[in-house]
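Q: I'd like to go over a predicted model; first the sequence, then the structure.
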Amino acid sequence: MESAKHAGDVAVAVSKAYGVETMFTLSGGHVFPLYDGAVHEGMRILDVRHEQSAVFAAEATARLTRKPGLAVLTAGPGITNGVSGIATAHFNGSPVVVMGGRAPQSRWGSGALQEMDHPPLLGPITKLSFTASGADSIGQDVESAFRTAVAPQRGPVFLDFYMDHLFAPSPAHEVHTQSPSPLEPDPDDLAAIARLLSEAERPVLVYGSDVWMDRAEEAARDFAETWRLPVIPNGQGRGILPAGHELLVTRARSVAFSQADLVIVIGTPLDFRLGYGLFGGKDGAPARVVHIADAPSQLATHLQPAAKAAGDLSVVLWSLGAACGDAGVKPSSYASWLSTLSEAAAAAIEGDAELLAADTDPIHPMRIYGELGKVLADDAVVIGDGGDFVSYAGKYVEPRQPGNWLDPGPYGCLGTGLGYSIAARLARPSSQVVLLLGDGAAGFSLMDVDTLVRHRLPVVMICGNNGMWGLEKHPMQFLYGYDVAADLQPQCRYDQVVTALGGGGELVTKPSEIGPALRRAFDSGIPYMVNIATDPQIAYPRNTTGI
């Protein structure tokens with residue numbers, strides 16, 4: 001007869017059954033049995049320097065691999081330090097399970113170290129937040145956490161354990177992993193969308209992160225190509241149509257959204273990134289809007305779309321294609337519109353060529369992206385963590401493959417970069433991993449370069465260093481004629497921080513130095529920062545602050 005396992009063993013065994021390969025954590029005594037379980041069960045433990053990085057790493061793992069990520073946080077401050085990461089996972093719809101320690105039940109209420117009732121704090125930013133009921137039920141409780149995290153619409157789940165329960169014997173748990181049954185869309189909803197397409201003259205498709213997360217990238221590409229529809233990607237929708245694809249009109253975004261008569265948004269919210277779902281209106285009526293999501297709970301409620309549908313996004317797109325055929329949609333109908341957008345995109349690309357090669361001193365941020373484009377491999381993972389500097393990345397870095405772009409998402413939390421980089425190096429061991437940091441964002445998580453060094457995880461970091469909080473300084477000067485709390489050290493040596501922590505780096509102050517520095521970084525085989533001093537007078541030309 002097999003001897004009883006302790007609860008930490010069981011929790012880790014269930015996690016492995018759901019595809020978890022790495023436990024991201026920062027050491028804490030409340031969760032020692034989970035570490036012991038990882039040792040027994042052969043799960044990698046990757047320890048970081050701040051709990052936020054553990055959760056960000058788990059979230060990026062989920063977004064890159066489309067399997068659930070796991071973070072383990074010790075009680076009290078360990079868990080509160082992870083709140084921003086959990087909130088980011090919530091807004092991104094990332095299937096992450098966060099396991100927390102909890103003061104012993106035998107001492108509960110008597111003032112034990114870091115005694116705190118965590119689930120009520122995390123309830124608003126999780127799909128489920130609860131305390132395991134006992135050692136005997138831990139296997140079932142952990143399976144419930146993972147099953148909930150991966151069900152549409154995906155998202156984070158928090159589960160904590162009384163410390164004495166974790167140390168106690170617990171029966172082995174037989175896991176019955178099942179993929180959630182695909183949610184079938186309403187055929188009438190799809191027929192309504194197809195009718196709108198048959199009536200449209202200037203349609204635009206927007207593909208968001210959930211198209212990738214729902215494994216619908218093949219269906220999405222086929223739908224766009226079959227019906228000859230122009231596409232603008234959003235978030236992890238980037239790369240579904242690779243850079244250079246004839247239907248990809250990212251660089252004509254303004255023309256597309258202002259002149260469209262129908263915008264079909266799939267797999268992303270109608271939030272500030274998309275003008276809250278208000279399109280068209282230039283020289284005509286506002287565009288009709290269609291919203292398609294992977295679950296009914298994700299459909300917009302702040303406006304009434306012309307049509308909407310919810311379901312497994314592959315099923316939605318394949319079925320919508322059939323409905324378009326029934327509705328008599330003609331791909332040739334949009335040829336003139338597509339030509340207009342292609343010409344606008346080509347003109348924008350041509351217009352940017354000068355600044356992407358600018359020899360100005362101080363360095364124009366666009367020159368960095370001009371040089372980066374020359375050295376990025378097709379399978380490079382590009383991570384953005386910053387404001388103004390990273391905004392350029394969204395415009396000038398066009399992935400060639402899906403699933404290789406990470407930014408903080410709609411929650412806009414800075415400090416994701418190092419955690420995301422850790423996860424990216426593990427998930428894509430043979431790919432370039434490039435972290436684009438604003439100098440403001442660098443201050444949130446740069447200490448976790450130590451984690452990259454200790455775990456031998458080479459990452460190229462590029463810091464756009466303009467010595468300020470650019471996203472705040474310029475607007476504040478516009479509003480008030482002055483600014484406060486917006487300055488950082490000019491040419492601060494963040495590269496020397498990386499070097500001091502065991503990596504490599506250099507400061508770049510001349511445009512001609514950027515390309516050679518990037519090549520040295522990629523060739524180094526270690527965590528390496530190229531710290532580039534950019535012109536503080538240059539602000540990214542944005543139309544909205546998202547407020």
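A: That came through, no problem.
Q: can you pull the contacts of Lys330?
A: Residues in contact with Lys330, defined by CB atoms under 8 Å, 6 or more residues apart in numbering, are Ser198. Any C-beta I mention is one placed from the backbone N, CA and C, and that applies to glycine too.
Q: same question but for Ala348, I mixed them up
A: By CB under 8 Å, 6+ apart, the contact set of Ala348 is Arg251, Ala252.
Q: wait, is it part of a helix?
A: Yes - read with DSSP: H, G, I helix; E, B strand; the rest coil, Ala348 is one of the residues of a helix.
Q: quick one: it and Leu341, what's the gap?
A: 10 Å (CB to CB, to the nearest Å).
Q: hey, which helix or strand in this structure has the poorest pLDDT?
A: For the chain, counting by mean pLDDT, DSSP states H and E, strand 5-6 ranks last in confidence among helices and strands (a mean of 86).
Q: next SSE after it?
A: From strand 5-6 onward toward the C-terminus, using DSSP states H and E, the following helix or strand is helix 7-17.
Q: Mind giving me the packing neighbours of that following helix?
A: helix 32-41, helix 138-150, helix 163-167, strand 169-170 (3 or more CB pairs under 8 Å, 6 or more residues apart in numbering; DSSP states H and E).
Q: Tell me how far that helix lies from the chain's centre.
A: With CA atoms, centre = their mean, to the nearest Å as the basis, helix 7-17 stands 27 Å off its chain's centre.
Q: ok, the helix or strand immediately after it in the chain: who's next to it in the sheet?
A: Once the chain leaves helix 7-17, the next helix or strand it forms, by DSSP H and E, is strand 22-25. Within its sheet, and counting by DSSP bridges, strand 22-25 is paired with strand 44-47 (parallel), strand 69-73 (parallel).
Q: Would you mind identifying the next helix or strand past the first one?
A: Okay, so that is strand 44-47. As assigned by DSSP H and E, the chain's next helix or strand after strand 44-47 is helix 51-65.
Q: Leu190 and Ala322, how far apart?
A: Using CB to CB, Leu190 is found at 8 Å from Ala322.
Q: Ok, Ala252 next?
A: If you measure Ala252 against Ala322 using CB to CB, the figure is 29 Å.
Q: Mind checking which of these two has more residues around it?
A: Ala252 (23 against 12; other CB atoms under 10 Å).
Q: List the residues that contact that one.
A: Pro230, Leu341, Ser342, Ala344, Ala345, Ala348.
Q: Could you verify my assumption that the first one touches Gln259?
A: No - with contacts counted by CB atoms under 8 Å, Pro230 stays clear of Gln259, the gap being 11.1 Å.
Q: Compare those two and say which is more crowded by neighbours.
A: With other CB under 10 Å as the criterion, Pro230 and Gln259 differ in neighbour count, and Pro230 comes out ahead with 25 against 21.
Q: rewinding a little: for Arg107, find the nearest of the strands paired with strand 22-25.
A: Comparison of the strands paired with strand 22-25 against Arg107 by CB to CB identifies strand 69-73 as nearest, at 19.6 Å.
Q: Buried residues, the helix or strand following the closest one. List them.
A: Sequence-wise, the next helix or strand beyond strand 69-73 is helix 77-80, with elements assigned using DSSP H and E. Of all the residues in helix 77-80, those buried under the rule 16 or more other CB atoms under 10 Å are Gly78, Ile79, Thr80.
Q: go on, stretch 406-425?
A: The neighbour-count criterion (16+ other CB under 10 Å) identifies 406-410, 413-425 as the buried residues of stretch 406-425.
Q: Could you export the contacts of Ala252 as a markdown table, including distance to Ala310, secondary structure and pLDDT?
A: Putting the contacts of Ala252 into a markdown table (distance: CB to CB, whole Å; DSSP: H, G, I helix; E, B strand; the rest coil; pLDDT from 0 to 100) gives the following:
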| residue | distance to Ala310 | secondary structure | pLDDT |
| --- | --- | --- | --- |
| Pro230 | 24 | coil | 98 |
| Leu341 | 28 | helix | 97 |
| Ser342 | 32 | helix | 96 |
| Ala344 | 32 | helix | 96 |
| Ala345 | 31 | helix | 95 |
| Ala348 | 34 | helix | 94 |
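Q: which among the residues you listed gets closest to Val316?
A: Comparing every one of those with Val316 (CB to CB), the shortest separation belongs to Pro230, at 19.2 Å.
Q: quick one: that closest one and Val397, what's the gap?
A: Applying CB to CB, one obtains 20 Å for the distance of Pro230 from Val397.
Q: Repeat that for Leu166.
A: Between Leu166 and Val397 the computed distance is 44 Å (CB to CB).
Q: and those two? which has more neighbours close in?
A: A direct count of neighbours by other CB under 10 Å for Leu166 and Val397 places Leu166 higher, at 29 against 20.
Q: Quick check: nearest residue in space to that one, chain neighbours excluded?
A: Leaving aside its sequence neighbours, Leu166 sits nearest to Pro33 (CB to CB, 6 or more residues apart in numbering; 4.1 Å).
Q: Wait, that neighbour touches Ala7, no?
A: Yes - the pair Pro33 and Ala7 qualifies as a contact (CB under 8 Å) at a distance of 6.2 Å.
Q: wait, which of the strands paired with strand 22-25 is closest to Pro305?
A: Between Pro305 and the strands paired with strand 22-25, the tightest spacing by CB to CB is seen for strand 69-73, at 31.8 Å.
Q: which outside residues touch that closest one?
A: Counting by CB under 8 Å, 6+ apart, strand 69-73 makes contact with 15, 20, 22-26, 28, 31, 34-35, 51, 54-55, 57-62, 79, 81-82, 85, 94-101, 423, all of which sit outside it.
Q: His176: which of the helices and strands packed on helix 7-17 is closest?
A: Closest to His176 of these is helix 138-150 (CB to CB; 7.9 Å).
Q: quick one: low-confidence ranges for the stretch 351-500 of the chain?
A: Low-confidence segments of the stretch 351-500 of the chain, defined by pLDDT under 70, are absent; every residue clears the threshold.
Q: which residue ranges form the strands in it?
A: Taking DSSP state E, counting those that start in this stretch to define them, one finds strands in the stretch 351-500 of the chain at 381-385, 405-406, 433-438, 460-465.
Q: Arrange those strands in JSON lines, one row each, with distance to Ala285 as further columns.
A: Below are these laid out as JSON lines (distance: least, CB to CB, whole Å):
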{"stretch": "strand 381-385", "distance to Ala285": "35"}
{"stretch": "strand 405-406", "distance to Ala285": "34"}
{"stretch": "strand 433-438", "distance to Ala285": "39"}
{"stretch": "strand 460-465", "distance to Ala285": "40"}
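Q: among those, which is nearest Asp523?
A: When the strands of the stretch 351-500 of the chain are compared for distance to Asp523 using CB to CB, the nearest one is strand 460-465, at 9.9 Å.
Q: Would you report the backbone torsion angles of the nearest residue to Gly208 once chain neighbours are set aside?
A: Closest residue in space to Gly208, ignoring its immediate chain neighbours: Thr268 at 2.3 Å, by CB to CB, 6+ apart. According to degrees, to the nearest 10, the main-chain angles of Thr268 amount to phi -160, psi 150.
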